[in-house]
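[1] Fold the following, please.
(2 chains)
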Amino acid sequence: MRESRFMLLQYLTGAGILVLGAMHFALLSFAYGGFGKALTFDTVNATYLAYGLFFELLLVLLSFHIFNGFRKVLTEFRQGKLYETAVTWIMFLGGAATFLWGTRTILIFLGVLH
Amino acid sequence: MSQDTGEVPVVPLHFDPKVMEGLGKPIRNVSFKVFRYDPGKGQGVRYSSYEVPIFKGTTVLDALLYIKEKLDPSLSIRYSCRMSVCGSCGMVINGKELLACRTQVEKLEKHDIVVRPMNNMPVTRDLVTDFSVFFEKHRSVLPYIVREDVDLNLNREYMQTPDQVIDFLMFSNCIKCGLCYSACPTNALDESFLGPQAMAQAYRYVADTRDGAQGKRMEILDARHGLWSCHFAGSCSDVCPKGVDPAFAIQQLKTLAIRKAGVLKKKKPAPNVPQVRELVPER
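    Here you go, the predicted structure:
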């Protein structure tokens, strides 16, 4: 894949994280009458699925954005074919592991997994 | 009544003595701290200090040549035209990338001037740097018009409007002095990064309607250590002595790579015609 495709995804995921991150903050702080009430049993129970899907989407964006960003930074620090290939694969595996572990956590939160 | 005698009235010339100040005798002495390195002697890096008398209009290059002629003949510098055309005398003067021939000592407004070779290039000796990698990167972006559809032996000309020339004209002013390459923070970190000069030249040909290799050139640029390693610090444009804006060129290339990739693919190079001179009737 061309570098411009990676960077386009980097920009789009960055914008997405900004929007979803702001929503996450706003929901916790204002939507349910403040931070304390947002985390009560009833509120959490009522917003289970919506929150689960919301976090899953945020997780997808973060898994790509963070690890692709690291790949870019690390390949600027040092160069070399072997080093760059290793960094790319390690970052890909890191992103995949983060996504899978995060999804597992969200599924537990939703009650799908125990 | 005044009569018209036909004589041209003589206007007395009034010289402001300040204009002449510093032309005949030195204004002051300035201390030059010059980077010295001779790999043959194995002495390592050091700075040598010299006192140089400064006249009105004395440039840093003049001062360095004074040092070489009168104080220390072993000092190595590269220069040629002395009028910021050749781009040979680029160096870091008081922390900024400048051409020594176009930098007047007086205008630096300092009593101590530190001169060192350009960054991001290996030092050959004293203020002389090795441009091999710089030119290698320049060559790698195909800095010439590529037309695979035209037999170059046919001596054809390509139709282009003045507006189309303006699109790339600024970038053809590049004198390859390397100042932008030296000022680039990404080049300092990433040795494989193409650098602002090569990319500005790539844009010069990508934007040229006569060229037919935009796709090929974009493949070279749109790779690791290419376009996307530029963090838009803008120092390249800041130091360019010819007013070229490499940072702008790189942003334009990024736009072409993402938003206008389809437009580039469909783009056809300018039509070629028999040499225009043949069409103009003989006088």
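[2] Tell me the buried residues in the helix or strand bottoming out on mean pLDDT in chain A?
    Across the helices and strands of chain A, mean pLDDT, DSSP states H and E gives its lowest value to helix A:41-46, namely a mean of 72. Within helix A:41-46, the residues that qualify as buried are A:Thr43, counting by 16 or more other Cβ atoms under 10 Å in any protein chain shown. Quick note: C-beta positions are derived from backbone N, CA and C, even for glycine.
[3] For it, C-alpha coordinates in PDB please.
    Extracted in PDB, the C-alpha atoms of helix A:41-46 (Å, rounded to 0.1, in the frame of the first residue of the first chain):
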ATOM      1  CA  PHE A  41     -25.800   1.600  37.900                       C
ATOM      2  CA  ASP A  42     -29.000   2.700  36.200                       C
ATOM      3  CA  THR A  43     -27.300   5.000  33.700                       C
ATOM      4  CA  VAL A  44     -24.700   2.400  32.800                       C
ATOM      5  CA  ASN A  45     -27.400  -0.200  32.500                       C
ATOM      6  CA  ALA A  46     -29.500   2.000  30.200                       C
END
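[4] State the separation between it and the centre of the chain it belongs to.
    In terms of Cα atoms, centre = their mean, to the nearest Å, the centre of helix A:41-46 is set 23 Å apart from its chain centre.
[5] Could you list the low-pLDDT ranges of chain A?
    Flagging of chain A using pLDDT under 70 yields the residue ranges A:45.
[6] closest point of it to chain B, which residue?
    Closest approach of chain A to chain B (Cβ to the nearest Cβ) occurs at A:Ser4, with a separation of 4.0 Å.
[7] and after the least confident helix or strand of chain A, which helix or strand comes next?
    helix A:48-77 (DSSP states H and E).
[8] can you tell me if whichever helix or strand comes after that next one touches chain B.
    Once helix A:48-77 ends, the next helix or strand along the chain (criterion: DSSP H and E) is helix A:81-110. Yes - judged by Cβ under 8 Å from any Cβ of the partner chain, helix A:81-110 and chain B are in contact via A:Glu84.
[9] Helix A:81-110: which residues count as buried?
    Using 16+ other Cβ under 10 Å as the burial criterion, the residues of helix A:81-110 that qualify are A:84, A:87-88, A:91, A:95, A:98-99, A:102-103, A:106.
[10] In TSV, list those residues along with distance to B:Glu191.
    Formatted as TSV, the buried residues of helix A:81-110 follow (distance: Cβ to Cβ, whole Å):
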residue	distance to B:Glu191
A:Glu84	13
A:Val87	16
A:Thr88	18
A:Met91	21
A:Gly95	27
A:Thr98	31
A:Phe99	33
A:Gly102	36
A:Thr103	39
A:Ile106	42
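[11] got the residues of chain A near chain B?
    Within reach of chain B by Cβ under 8 Å from any Cβ, chain A has these residues: A:2-4, A:6-8, A:72, A:75-77, A:79, A:84.
[12] Show me what the helix or strand hosting A:Ser4 is packed up against.
    In this structure, A:Ser4 sits in helix A:3-26 according to DSSP H and E. Helices and strands touching helix A:3-26, by 3 or more Cβ pairs under 8 Å, 6 or more residues apart in numbering or on different chains; DSSP states H and E, are helix A:48-77, helix B:246-258.
[13] Contacts for stretch B:31-48, please.
    Residues outside stretch B:31-48 that contact it (Cβ atoms under 8 Å, 6 or more residues apart in numbering or on different chains): B:49-52, B:63-64, B:67, B:72, B:74-75, B:111-117, B:123-127.
[14] Now that stretch: average pLDDT?
    For stretch B:31-48, mean pLDDT rounds to 92.
[15] list the contacts for B:Ile175?
    Listed by Cβ under 8 Å, 6+ apart, the contact set of B:Ile175 reads B:84-87, B:241-242.
[16] That one: what secondary structure?
    Following DSSP: H, G, I helix; E, B strand; the rest coil, the label given to B:Ile175 is coil.
[17] Can you give me the distance of it to chain A?
    For B:Ile175, the distance to chain A equals 28 Å [Cβ to the nearest Cβ, to the nearest Å].
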